[in-house]
Every structure is written in structure tokens, then in C-alpha cells.
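Peer 1: I need the structure of the sequence given here:
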Amino acid sequence: MKIVVIGGTGNIGSKLVPQLARHGHDAVAAAPSTGVNALTGEGLTDALAGASVVIDVSNSPSFEDSAVMRFFETSTRNLLAAEAEAGVAHHVALSVVGTERLPESGYFRAKVAQEQLIEKSSIPYSIVHATQFFEFVASIADNATADGAVRLAPVLFQPVAGDDVARAVGRISTGSPVNGRVDVAGPERFRMDEFFRQALAARNDPREVVTDPRARYFGAELSEGTLVPGGDAILGEIRYSDWLGRTAV
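Peer 2: This next block holds a predicted model:
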């Protein structure tokens, strides 16, 4: 079947499109660079013609509160309207574990708004909540850095490889809509501060990791279980140490 991947040239989309194609689907990588812009609506009608499934793995280019809210609300409204016109039968969106538990963060407020639009639409849907990607370890550390030290809370942390997320999203997209959420997480659970202490050392990053129970994560304070899924999550297969070994080659 025809599956359109919004954000199809990004971190997850670039893994997802060839995976879907290998399974015999007509997978379309939709992004501004391919002439499809969900934020402006450009190219959506043509891209979605004949599509059975639309997968939205796009992300805002800005994390500034008003910009990120505008991105997710506008792009999602445009997508849902175009999908209704095209007769799309399944809308799949990638979101984040803990989104609803982080109202202090403008980014996560925007993700909640996106999910609410999807839930209220007439199109059957599946929302995939993934934990933090291995690929974003460096940017998370950078965001948590102040005065040369990385300040992180000693809370539970269960990151996942982008390849595992792409596989899970692909399987969910070709199944029946769940009209709800599915959690995806890595196979190992850590303490966040301890994980980053080891991860930065493995990268020969000299920054000190400071354990700070009140450290903020993209503007929000964390509790013990904010960033980890419930017991029924789909678990990836790739461990961080193995992933790091592959990316270092």
C-alpha cells in the first residue's frame, strides 16, 4: 500500500522509508526538500493521493515556545484536512513518552496539542510514544550544561535506538489503528545522571556530570518515572553500548 512519511528525510524517516519499501510498500518520503511542506500545505494534496497511511515523524525546527506550538498545531491541522480529503485510513504520529507529564515545557505542551488534534479528528490513528533516542544524547547533554557542567536529575531513563523506533513505527503503521497510544523504549533502564556520566566518558567528553535532583529537562522538573514507559511498552533490541560501537566505526 502507499504510505506517506511526513519528515521522511529526517532521523527516523530516513530509516523508516527504506524499511517500508523492503516490505513491498510504496513508501513516499515527504519533506520540504522533496516538495512537501506540512506547515504551509505545499504539495500535500499530490503526495497523499491514493495513500492508505500517513506517518508523521516530523519535528519543529525551533523549540521556542510559540514557534513549536505553531509548528505542531498548523502542520497537524493541514495533514488531517488533507488526509480526510484523500481518504487516508490510518494516521500515525511519533511523540514522546512522558509528554503529558511535562506541562512546564513549551515543547511538550505543543506535543500534547498535536495529540489532542489527532484524537479529535475523524481519522483512525495510532500515536507512538518513544523514549529519548540514542542519537540525541549529545544534544540532551548540551541542553543540560551550565558553567561547563552537565546537571541531570537521578531519575529513571530508558533511551532507545532510532532504528528500533523506526521498526516499531513501521509495524504499527501497517497494522490496524489502535486509536490510542503505544509506548516504545530501549531494552535497558538507567539512572539518568549515571547514564550520561558513562556516555560522556565513552565519547571522551571532559564535562563533569553533576547529580542535581532539581535539574530541569528542557525547562521541566522531573519525577522518578516521568521519562519511562509503563510495563506494556514495546522494547527495542539494541543496547546503547552496541549502538555506540557501531556509530564509532
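Peer 1: Strands along the protein, start to end?
Peer 2: 2-6, 26-30, 53-56, 90-96, 125-130, 145-146, 149-152, 156-157, 181-185, 190-191, 208-211, 216-217, 220-221, 234-235 (DSSP state E).
Peer 1: Deepest-packed of the ones you listed, please.
Peer 2: The highest mean neighbour count among the strands of the chain, using mean count of other Cβ atoms under 10 Å, belongs to strand 53-56: a mean of 28. Every residue, glycine included, has its C-beta placed from N, CA and C.
Peer 1: Tell me which other helices or strands that one touches.
Peer 2: For strand 53-56, the elements it packs on are strand 2-6, helix 65-86, strand 90-96, helix 162-173, judged by 3 or more Cβ pairs under 8 Å, 6 or more residues apart in numbering; DSSP states H and E.
Peer 1: Low-confidence ranges, this protein, go.
Peer 2: Within the chain, the segments meeting pLDDT under 70 span 248-249.
Peer 1: looking at it, which residue lies furthest from center?
Peer 2: Distance from the C-alpha centroid of the chain peaks at residue 147, with 29.0 Å (Cα atoms, centre = their mean).
Peer 1: Could I get the phi/psi values of that residue?
Peer 2: Main-chain torsions, residue 147, degrees, to the nearest 10: phi 50, psi 40.
Peer 1: ok, it to residue 139 distance?
Peer 2: In this view, residue 147 and residue 139 are 19 Å apart by Cβ to Cβ, to the nearest Å.
Peer 1: quick revisit: out of the helices and strands packed on strand 53-56, flag the one nearest residue 227.
Peer 2: Residue 227 lies closest, by Cβ to Cβ, to one member of those: strand 90-96, at 8.7 Å.
Peer 1: residues in contact with that closest one?
Peer 2: The contact list for strand 90-96, computed with Cβ atoms under 8 Å, 6 or more residues apart in numbering, reads 12, 52-57, 76, 79-80, 83, 108, 111, 114-115, 118, 121, 123-132, 165, 169, 172-173, 176-177, 181.
Peer 1: any idea of the angle it forms with helix 65-86?
Peer 2: Orientation note: strand 90-96 sits at an angle of 160 degrees relative to helix 65-86 (axes from the mean of the first three to the mean of the last three Cα atoms, to 10 degrees).
Peer 1: Pull up the pairing partners for strand 90-96, direction included.
Peer 2: Strand pairing for strand 90-96, determined by DSSP bridges: strand 53-56 (parallel), strand 125-130 (parallel).
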